[in-house]
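K.L.:
Predicted coordinates and the sequence they were generated for:
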Amino acid sequence: MRWFARLCSTALGVAALPALAGAAPGTGTAPLPEETIPSVTPLPAQWPKSWVLINDLNFNAIVDGRVVVVDTASADHPLKAIVRSAQFGNSLYSAKRQEILTAETFYSRLTRGERTDAITFWDMKDLKPKGEIVLPGGKRQLSVVYPHLFQFTNDEKWALVANFTPAQSVTVVDLDARKVLNEIDLPGCSQIYPTGPRGFSSLCADGSIFSATLDAQGKVATSKTIKAVQDIDNQPLFSNPAMVGQTAWFISQKGLLQGFDLSGEVAKVIPGSFSVGTAPGATPEWRPSGWQVINSDAAGRLYVLMNPAGKEGSHKDGGTEVWVIDPAKKARVARIALKGQSIAVAVTREAQPHMVVSRADGAIDVYDAASGAFVRSLGATVAFSPMVITPVE
């Protein structure tokens, strides 16, 4: 550090910095200890439930995406760790496996050259990479972060990876054996919603939902398509649902809530879709809007980002309020005004949960989930382009 002190003295025109440069004779001032480089603080074995993982697309350097680990309870040092996730990376967090998994894409010449798709395993204790599985064919879907392009199934022993070439398919990967099992064609359908003990469902462009169960080799054992589960022309569903147990709650671009029971081998439509309602003061009307537009808390309440300037094409603009919905009562139970236009919402699993939102300007804000009171802003210090928030379970 002595060279740094001398550099500061020269650059700033300061006569001397004896406290930094070392002990001056007769002053009794102790020199600063030498720093150990690299200096790494280990993470706790049990992550606090105030922590969240945030997918940072990193728009200004999109080949260098990352997943950041953030303590929403810390106003001074919220950023706890960074996991690299390369270009358009997707991530999975598993307390059971004690791992973070990233599905990512690399090019041999950074932005061109030979393409490699891979799943990388990161140890939760030190966030060092501990292995990878190379995915064949250069097929992994590259798009702005959607959580349902990379999902667990089979009690987190397998992963499912969405492909787009533009032909659509799903790659089945055995995470324990570190090998690819199979690829399943998925024409006209997209996104992966784990269904039953070993299977998945996907929403399709014709308004149907497709469900598949997998055998021990990762091949389709049974499949079924249920038609007309959404009105594509008038009530298209956002593709990111809020999960309450094994019930997936989807919201449409005009505020219609539709539930699907994913506990069995086939997705089942929950009868009785309902609207989040209306409110005065909108121009022209309140509509759901954002990227991660809906989420849930541990009690099963739904949190929906709402935009008062809702119109055709406004569905990704973000919201200025969060409406809290009780799906059992089919009623709105609270409205939470936000400090700024926000594109993602999530709720921590703390005893006294907090609502976490990412704003369009990159800032992360924290609210009391029960009262709606603003707690703190972490500013735009933890991520450049925060898109998806995952609470620590």
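P.N.:
Sure, I can see it.
K.L.:
May I have the residues that are in contact with the nearest residue to residue 127 once chain neighbours are set aside?
P.N.:
Nearest residue to residue 127, sequence neighbours excluded (CB to CB, 6 or more residues apart in numbering): residue 81, at 5.1 Å. Using the backbone N, CA and C atoms, a C-beta is placed for each residue, glycine as well. Residues near residue 81 by CB atoms under 8 Å, 6 or more residues apart in numbering: 43, 68-69, 127.
K.L.:
Now pLDDT too, for those residues, in a markdown table please.
P.N.:
A markdown table is the format used below for those (pLDDT from 0 to 100):
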| residue | pLDDT |
| --- | --- |
| 43 | 92 |
| 68 | 97 |
| 69 | 97 |
| 127 | 92 |
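K.L.:
partner residues bridging residue 292?
P.N.:
Per DSSP bridges, the residues bridged to residue 292 are residue 344.
K.L.:
Give the next helix or strand downstream of the host helix or strand of residue 171.
P.N.:
Residue 171 belongs to strand 168-174 when assigned by DSSP states H and E. Per DSSP H and E, the first helix or strand lying C-terminal to strand 168-174 is strand 179-185.
K.L.:
Run the angle between that next one and strand 168-174 for me.
P.N.:
Computed by axes from the mean of the first three to the mean of the last three CA atoms, to 10 degrees, the angle separating strand 179-185 from strand 168-174 equals 160 degrees.
K.L.:
tell me which residues in strand 179-185 are buried?
P.N.:
Buried residues in strand 179-185, counted by 16 or more other CB atoms under 10 Å: 180-184.
K.L.:
So in that sheet, which strands flank the helix or strand where residue 221 lies, and in what orientation?
P.N.:
For residue 221, the enclosing helix or strand under DSSP H and E is strand 220-226. Strand 220-226 pairs in its sheet with strand 209-214 (antiparallel), by DSSP bridges.
K.L.:
Okay, buried residues for the partner strand please.
P.N.:
209-214.
K.L.:
Same question for stretch 316-323.
P.N.:
Across stretch 316-323, burial judged by 16+ other CB under 10 Å covers 317-323.
K.L.:
returning to that earlier point: pull out the buried positions in the one helix or strand the residue nearest to residue 127 maps to.
P.N.:
Following DSSP H and E, one finds residue 81 within strand 79-94. Neighbour counts over strand 79-94 (16+ other CB under 10 Å) mark 80-81, 83-94 as buried.
K.L.:
Could you give me the buried positions within the helix or strand that comes right after it?
P.N.:
Sequence order places strand 99-107 as the next helix or strand after strand 79-94, per DSSP H and E. By neighbour count with 16+ other CB under 10 Å, strand 99-107 contains the buried residues 99-105.
K.L.:
What strands flank the helix or strand following strand 99-107, and is each parallel or antiparallel?
P.N.:
Proceeding N to C from strand 99-107, the next assigned helix or strand is strand 115-123, under DSSP H and E. Partners of strand 115-123 in the sheet, by DSSP bridges, are strand 99-107 (antiparallel), strand 129-135 (antiparallel).
K.L.:
for those strands, which one sits closest to residue 223?
P.N.:
Closest approach to residue 223 among the strands paired with strand 115-123 is made by strand 129-135 (22.8 Å; CB to CB).
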